[in-house]
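In: Just need the structure, nothing else, for what follows:
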Amino acid sequence: AATNQFNHSGTIDYGESSYKKAPFDFKNDNGATPVAAWFSTRSKYSDANPADALDFTQVV
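Out: Coordinates of the predicted model:
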């Protein structure tokens, strides 16, 4: 985060969901903010192609 870049570790052992919001509002944003963003991809989920909503599958 210090370099303003997000990269996945490259492992396939577990999933990694990243979230970035600029500027981050420390008064109104908290841990629920990224979770809500990830959960909102549920409409893209299908049993046929779950990869379309990987952030959602990490939440559930």
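In: Show me where the protein has its helices.
Out: Applying DSSP state H to the chain gives helices spanning 32-39, 54-59.
In: Show the average pLDDT along the last one.
Out: This predicted structure assigns helix 54-59 an average pLDDT of 85.
In: again with stretch 17-27
Out: For stretch 17-27, mean pLDDT is 82.
In: So which residues make contact with it?
Out: Identification of contacts with stretch 17-27 by Cβ atoms under 8 Å, 6 or more residues apart in numbering yields 6, 8, 29, 33, 34, 37, 38, 54, 55, 58, 59. For the C-beta atoms, the positions are set from N, CA and C on the backbone; glycine is no exception.
In: what's the spacing between the spatially closest residue to the first one that is not a sequence neighbour and residue 48?
Out: What it means is residue 6. For residue 6, ignoring the flanking residues on the chain, the nearest one in space by Cβ to Cβ, 6 or more residues apart in numbering is residue 18 at 4.4 Å. According to Cβ to Cβ, to the nearest Å, residue 18 stands 25 Å off from residue 48.
In: Residue 12 now?
Out: Distance, residue 12 to residue 48, using Cβ to Cβ: 21 Å.
In: Check residue 39 too.
Out: 20 Å.
In: So the two - more neighbours on which side?
Out: residue 39 (15 against 6; other Cβ atoms under 10 Å).
In: I figured the more buried one was touching residue 58, is that so?
Out: No: counting by Cβ atoms under 8 Å, residue 39 does not reach residue 58; the two are 9.7 Å apart.
In: Taking the centroid of this structure, which residue is nearest it?
Out: Among the residues of the chain, the one closest to the centroid is residue 17, at 3.8 Å (Cα atoms, centre = their mean).
In: residue ranges of the strands in the protein, please?
Out: Using DSSP state E, the chain contains no strands.
In: Could you single out the most deeply buried of the helices of the chain?
Out: Each of the helices of the chain was scored by mean neighbour count; the highest is helix 54-59, a mean of 17, by mean count of other Cβ atoms under 10 Å.
In: hey, C-alpha coordinates of it in CSV?
Out: Output of helix 54-59 as CSV, limited to C-alpha atoms (Å, rounded to 0.1, in the frame of the first residue of the first chain):
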residue,chain,number,x,y,z
LEU,A,54,-14.3,-14.3,-6.9
ASP,A,55,-14.5,-11.5,-4.4
PHE,A,56,-18.1,-12.6,-3.5
THR,A,57,-17.1,-16.2,-3.1
GLN,A,58,-14.3,-15.1,-0.7
VAL,A,59,-17.0,-13.3,1.5
